[in-house]
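Student: quick one, fold the following:
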Amino acid sequence: MPTWGDWVQVADGAPVTVPRDAAREAAREELLKPEYHRHDPSLLQRLSNWLWDQLDKLLGQLGSAASNGNTGLILFLVIAVLIGAALWWRLGRPGRAATTTGTLFSAEGPRTAEQHRAAAGRHAVEGDFAAAVREQMRALVRSLEERTLLDPRPGRTADEAAAEAGRQLPAHAEALREAARLFDDIAFGERTADQRGYQQLADLDALLRRTRPAALTPAGAR
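Tutor: Residues are numbered from 1 along each chain as shown. You can find the predicted model right below:
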């Protein structure tokens, strides 16, 4: 004899019975529809909630283990690591904001693009790719200044140079932005330089040098 849960009312009011397993499967499929889950927390949010839950539990354990010096110290160190990881994840890498404020050229006297290229090549041969990247980016920007595509300006940052050069060379705007980002990350951030990064800048420098001046608009002709 069917139970109350097996009765289903049809459109004309006549009751019919539905097998218990079929009803359960239909309900499961219905609940799997996306409209029932559009407000569910994301994977990152669930991970964040789990991390803070673990931190809360550790704080509770720390209070009960305060009488045991060794246990309390271990829990304190674990909590410190979790807090540091959480702040790193939430706020991002410290010092990244400073990468957009450093100037491109040093305080020493002006040097030609060829001098910067020669210095970059020497650093690359010696395996000092951080210095090679810095000099190669300076060579690229100095070359644009020598060709009057950029106005010489002391204190210019790599990001500013890339933005200004990108307006003159729109076909290479994205490559210039990537070059400035690479320079900033290596010169002022924590990114490790390698031969690939140096070669990326050297190739872009060579590409811009091969661009026909007739197809470009001088900086003073705007």
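
Student: the strands in the protein, which residues?
Tutor: 7-9, 15-17 (DSSP state E).

Student: what's the least confident stretch among the ones you listed?
Tutor: Across those, strand 7-9 has the smallest mean pLDDT, namely a mean of 49.

Student: let me know the average pLDDT across stretch 194-202.
Tutor: Computed over stretch 194-202, the average pLDDT equals 95.

Student: swap that for stretch 53-61, sorry
Tutor: Across stretch 53-61, the average pLDDT comes to 71.

Student: same thing with stretch 169-177?
Tutor: On average, stretch 169-177 scores 92.

Student: ok, now stretch 125-144?
Tutor: Stretch 125-144 comes out at a mean pLDDT of 95.

Student: what are the buried residues along it?
Tutor: Neighbour-count burial for stretch 125-144 flags 128-144 (criterion: 16 or more other Cβ atoms under 10 Å). Using the backbone N, CA and C atoms, a C-beta is placed for each residue, glycine as well.

Student: take those and keep only those in helices.
Tutor: If you go by DSSP state H, these have 129-144 in helices.

Student: so which of the residues you listed is the closest to residue 185?
Tutor: Closest to residue 185 out of those is residue 133 (9.4 Å), distances taken as Cβ to Cβ.

Student: was I right to think the closest one contacts residue 201?
Tutor: Yes: counting by Cβ atoms under 8 Å, residue 201 is a contact partner of residue 133 at 6.2 Å.

Student: overlap in contacts, those two.
Tutor: 182-183 (Cβ atoms under 8 Å, 6 or more residues apart in numbering).

Student: domains in this protein, by residue range?
Tutor: What automatic domain parsing lists as the domains of the chain is 4-36, 43-92, 113-221.

Student: so how far is residue 180 from residue 165?
Tutor: The gap separating residue 165 from residue 180 is 9 Å, by Cβ to Cβ, to the nearest Å.

Student: ignore what I typed, I meant residue 139.
Tutor: Separation of residue 139 from residue 180 (Cβ to Cβ): 14 Å.

Student: can you check residue 128 too?
Tutor: From residue 128 to residue 180 the distance is 21 Å (Cβ to Cβ).

Student: ok, back up a step: and which of the ones in helices among the buried residues of stretch 125-144 is nearest residue 54?
Tutor: residue 130 (38.4 Å).

Student: didn't the closest one look like it was pressed against residue 193?
Tutor: Yes: Residue 130 lies in contact with residue 193 (Cβ under 8 Å); the separation is 4.0 Å.

Student: list residues touching both of these two?
Tutor: residue 186.

Student: what about the helices in this structure?
Tutor: 20-31, 43-64, 69-91, 113-126, 129-146, 158-168, 173-187, 195-210.

Student: hey, which of the ones you listed is tucked in deepest?
Tutor: helix 129-146 (a mean of 24; mean count of other Cβ atoms under 10 Å).

Student: for it, name the packing helices and strands.
Tutor: helix 113-126, helix 158-168, helix 173-187, helix 195-210 (3 or more Cβ pairs under 8 Å, 6 or more residues apart in numbering; DSSP states H and E).

Student: helices or strands up against the first one?
Tutor: Translated: helix 113-126. Judged by 3+ Cβ pairs under 8 Å, 6+ apart, helix 113-126 is in contact with helix 129-146, helix 195-210.

Student: list the contacts of residue 113.
Tutor: 139-140, 142-143, 145-146.

Student: from those, which is closest to residue 84?
Tutor: Nearest member of these to residue 84, counting by Cβ to Cβ, is residue 140, at 37.9 Å.
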